[in-house]
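[1] prediction below, plus the sequence it came from.
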Amino acid sequence: MGLTFEPEPKTGPARFITVLLIVVLGLVFLWWKQSNLPPNPTEGAQLAPTATLVPAANTAVAPGASGGVQLVYASVVDTDTTPALTADLYLSEAEHPDDGAGWSGIMGRTDVETYTVQSGDTLWGIAATFGLDVDTLRWSNPALARNPDLLSPGDELVILPVRGAYYTVEQGDSITKIAENYGVAEADVTNYPLNNLSEPFTLTPGQTLIIPNGRKDATAAPPPDLDEDYPFAWPLRGVVTQGYIPGSHLALDIGAPYGSSVYATADGTVTYAAWARTGYGFTIIVDHGNGFQTLYAHLKGTFVSKGDTVTRGQVIGAVGSTGNSTGPHVHYEIRENRQRMNPLDYLKPQ
């Protein structure tokens, strides 16, 4: 019987293929590992620039809001015997040898500008945009001085480079008279570069002058009636420009000359006297006990602080146009157990 031999496995080609696969897998592994290594931070890298936050100069924001820039609003000048109030605005002759070249006002403005009122604009908003105050807009635009509620889209407003007033010289005027009328020193008017005045300071009717820090006293509304027969007195004497409307306007808007006094309408304790982020601007809330509170909004400023005790008829603020306001008025609310009531149900009929 012959021997039968099983054929030998063909190991040559199989081993070659196996080795080749191992090599390929090894190379793939090395490539993958290399591609996933963290890059060398010093090789071809660029460091991100350091961020420096700088608030915009003269930008007006609400107190307490981000940015840390103080809100600009009226500061009344009440004397004409002070030194030149704008001396810090003037550069020395060495700094501006060419008749004031290089001088600039708020936000770098160097001249009188005009602004066209847009739909939705407010006096306070326009003033804040230019780093001014509502008083400056009023005393620079005669129509607004007479009635700040006349602000309409398309109106052109004079915008000064500084806070103050813009005055048109009349027959018989003098620097002394103008300075006295606006409560500033004569030097404030004569030294101001844009006025281009030189001794003997002769004025011509129709000539315009910038009065830095100039203010005029508005005709303030008289105090309201404090009739004790009614739960609350009126916060001021004025015209109701918008009444209480259930579901939409749960307050009274009372218009009055800008800067007029606002009075506490009943005895109580101040629980809030600051800027409100609800669009109310400067706001005061007084708690009267028994679940009643009153709120006074859009004020020019407040004369009381949280925790103060106030009495009926005490001055607590002044009429303004801060926040979302179309003109000088007080937004007045009466709240009972947190519900806003119709103030006319608690006030003496006018």
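    Everything's here; your move.
[2] where in the stretch 251-350 of the chain is pLDDT low?
    326-327 (pLDDT under 70).
[3] redo that, cut-off 80
    257-259, 277, 321, 325-328 (pLDDT under 80).
[4] what does the stretch 51-200 of the chain give?
    51-105, 107-108, 110, 124, 143-151, 183-185.
[5] ok, which stretches of it are strands?
    113-116, 156-159, 164-168 (DSSP state E, counting those that start in this stretch).
[6] of all those, which one is nearest G131?
    strand 156-159 (10.0 Å; Cβ to Cβ). Every C-beta, even on glycine, is put in place using the N, C-alpha and C of the backbone.
[7] pull up the pairing partners for the closest one, direction included.
    In the sheet, strand 156-159 lines up against strand 113-116 (antiparallel) (DSSP bridges).
[8] who's in contact with the strand it pairs with?
    Strand 113-116 is contacted from outside by I126, F130, G154, D155, E156, L157, V158, I159, P161, using Cβ atoms under 8 Å, 6 or more residues apart in numbering.
[9] so which of the strands of the stretch 51-200 of the chain is the most packed in?
    strand 164-168 (a mean of 21; mean count of other Cβ atoms under 10 Å).
[10] which other helices and strands does that one contact?
    Judged by 3 or more Cβ pairs under 8 Å, 6 or more residues apart in numbering; DSSP states H and E, the packing partners of strand 164-168 are helix 134-140, helix 175-182, strand 208-212.
[11] right, and T168 touches I210 too?
    No: with contact defined as Cβ atoms under 8 Å, T168 does not reach I210; the gap is 11.4 Å.
[12] give the contact list for D229.
    Contacts of D229 by Cβ under 8 Å, 6+ apart are K348.
[13] for the one 5 residues further on, same thing?
    Residues touching W234, when contacts are defined by Cβ under 8 Å, 6+ apart, comprise P224, D225, I254, Y263, T265, L347, K348, Q350.
[14] what about the fifth one, distance to F232?
    Using Cβ to Cβ, to the nearest Å, one gets 4 Å for the distance from T265 to F232.
[15] looking at neighbours, which among the contacts of W234 is most surrounded?
    T265 (29 neighbours; other Cβ atoms under 10 Å).
[16] element containing that one?
    Using DSSP states H and E, T265 sits in no helix or strand.
[17] can you start the count at 57 instead of 1 from here on
    All right, first residue 57 from here; so that's T321.
[18] could you dump the strands of the stretch 107-256 of the chain to TSV with distance to H385?
    TSV is the format used below for these (distance: least, Cβ to Cβ, whole Å):
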stretch	distance to H385
strand 169-172	22
strand 212-215	20
strand 220-224	23
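[19] among those, which comes closest to S254?
    strand 220-224 (18.3 Å).
[20] G294 touches A312, doesn't it?
    Yes: taking Cβ under 8 Å as the definition, G294 is a contact partner of A312 at 3.5 Å.
[21] got the contact list for stretch 323-340?
    Under Cβ under 8 Å, 6+ apart, the answer for stretch 323-340 is 118-121, 127, 180, 318, 341-345, 349-358, 360-368, 372-373, 376-381, 387.
[22] how about 6 Å then?
    118-120, 341-344, 352-355, 357-358, 360-362, 364-365, 367-368, 372-373, 378-380 (Cβ atoms under 6 Å, 6 or more residues apart in numbering).
[23] how about the helices in the stretch 107-256 of the chain?
    179-185, 190-196, 198-202, 231-238, 242-246 (DSSP state H, counting those that start in this stretch).
[24] just say which of those is most tucked in.
    helix 190-196 (a mean of 25).
[25] contacting residues around it?
    By Cβ under 6 Å, 6+ apart, helix 190-196 touches A130, L179, W180, A183, L200, A201, V214, L216, R219, A221, Y222, S377.
[26] now swap in stretch 368-376 and tell me
    So stretch 368-376 is in contact with 282, 289, 312, 314-320, 322-323, 340, 354-360, 366, 384, 386, going by Cβ under 6 Å, 6+ apart.
[27] swap in 7 Å and give it another go.
    190, 282, 289, 292, 312-323, 337-338, 340, 352, 354-360, 366, 384-386 (Cβ atoms under 7 Å, 6 or more residues apart in numbering).
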